[in-house]
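# My questions are about this predicted structure, shown below with the sequence.
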Amino acid sequence: MNAPVFDRAQDAERYEVVSGGYDAALFAAAAIGPQDRVLDIGCGYGATTRQAARLASAGHALGNDLVEPVLEQARAFAAADGIANVAFEAGDAQTHPFRTGAFDVAISRFGVMFFADPVAAFANIRRALRPGGRLAFATVGRPQDNDLPRVIASVMRDRPDPDPAGTRTVHSLADPEHVHDLLTHAGFREVGVSSAETIVELGPDAAAAADFILGWGAFRGIVDETDPAAVADAHAALTDAARPFEAPEGVRLRGTAWLVTATAPPHA
Ligand SMILES: C[S@@+](CC[C@H](N)C(=O)[O-])C[C@H]1O[C@@H](n2cnc3c(N)ncnc32)[C@H](O)[C@@H]1O
């Protein structure tokens, strides 16, 4: 079996397949108005940044991410859509010197789960908000309510755990009480958590679902792509793990997220 060919435009589509089902809930929670200045944390290819910029038609949106090549693609997508009130800036959101008080709203779609020090990171994001500014983000829900991480676990099982403390995994913010405490310690107020659900359709059958996962940037590196036997083994394991989710319409996985909202204090 050949290693999957990596293509950023196709990779961006994969993120939409997995995460696009939460956009309506995220943007309802963020309530972006036409004048708003929006910060999108861990924006990846910038689909939510572009959407934020469209809503903030007289304001603007800044997408932040760690990975500059991903932001280059995000800039290209925004330019192709003719969106002028958007920019992308690379940096670690935990420490990046965003301008103090420069944003009305900070949003994130699954980009705030991987901080080394979440309290420091959310405090830095709060500093970037104006007094009374709003935070709204989607984060992965409880492990038992999400099928995709369970399918992916079929190829992660034999690997050393890169994060034994569990603070930088997709489930690091899966406990609402923990999220409430983190945000409160980071100086936010009025923390609210609600649940959003979606169905993620990974392809017509289990083998196609395995192709999807192996070709997806989020899990690039889980297999040694230079070793055809390792790729074939991973493909077989993922196909087996996806098989229980096959339905006549295709492979359908249950996904749940927490929609978290909070506000910065009214006085700096
Ligand atoms: C699961 S992806 C989500 C991407 C995008 N928000 C989306 O929904 O398509 C997580 C993103 O967060 C970024 N990220 C992780 N840690 C970060 C940090 N400390 N500061 C900024 N971005 C970060 C990653 O580079 C990645 O693009």
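Yep, it's here. Residues are numbered from 1 along each chain as shown.
# now stretch 113-126: mean pLDDT?
Mean per-residue pLDDT for stretch 113-126: 96.
# same question but for stretch 258-268, I mixed them up
92.
# what comes up buried for it?
Trp258, Leu259, Val260, Thr261, Ala262, Thr263, Ala264 (16 or more other CB atoms under 10 Å). Where C-beta positions appear, they are placed from N, C-alpha and C, glycine not excepted.
# Same check on stretch 114-122?
Under the neighbour-count criterion of 16+ other CB under 10 Å, stretch 114-122 has Phe114, Phe115, Pro118, Val119, Ala121, Phe122 buried.
# Okay, the residue nearest in space to the middle of the chain and the ligand: tell me how far apart.
Centroid-nearest residue in the chain: Phe110, 2.3 Å away (criterion: CA atoms, centre = their mean). Distance, Phe110 to the ligand, using CB to the nearest ligand atom, to the nearest Å: 4 Å.
# Same check on Ala58?
Distance, Ala58 to the ligand, using CB to the nearest ligand atom: 24 Å.
# so the residue nearest to that residue when sequence neighbours are not counted, which of the three states?
Closest residue to Ala58 apart from its sequence neighbours, by CB to CB, 6 or more residues apart in numbering: Pro34 at 4.8 Å. State at Pro34, reduced to three classes by DSSP: H, G, I helix; E, B strand; the rest coil: coil.
# Enumerate every residue touching Pro34.
Leu55, Ala56, Ser57, Ala58, Gly59 (CB atoms under 8 Å, 6 or more residues apart in numbering).
# Taking those together, which two end up most distant?
Leu55 and Ala58 (10.3 Å; CB to CB).
# Between the two, which has more neighbouring residues?
Neighbours were counted for Leu55 and for Ala58 using other CB atoms under 10 Å; Leu55 has more, 18 against 9.
# mind listing what that one touches?
For Leu55, the contacting residues are Phe27, Ile32, Gly33, Pro34, Asp36, Val38, by CB under 8 Å, 6+ apart.
# Filter the residues you listed down to the buried ones, PyMOL style.
Buried residues within the contacts of Leu55, by 16+ other CB under 10 Å, are selected in PyMOL with:
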select buried, resi 27+32+36+38
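# and Ala262, that one's in a strand?
Yes - applying three-state DSSP, one finds Ala262 inside a strand.
# So it is in contact with Gly187, correct?
No - here Ala262 lies out of contact with Gly187, judged by CB atoms under 8 Å, at a distance of 9.5 Å.
# which residues are common contacts for these two?
What both Ala262 and Gly187 touch, as defined by CB under 8 Å, 6+ apart, is an empty set.
# Let me see the mean pLDDT of the host helix or strand of Val38.
Secondary structure assigned from DSSP states H and E places Val38 in strand 37-40. Averaging pLDDT along strand 37-40 yields 98.
# Would you indicate which residues of the very next helix or strand once past that strand are buried?
As assigned by DSSP H and E, the chain's next helix or strand after strand 37-40 is helix 47-55. Buried residues in helix 47-55, counting neighbours by 16+ other CB under 10 Å, are found at Ala47, Thr48, Thr49, Arg50, Gln51, Ala52, Ala53, Leu55.
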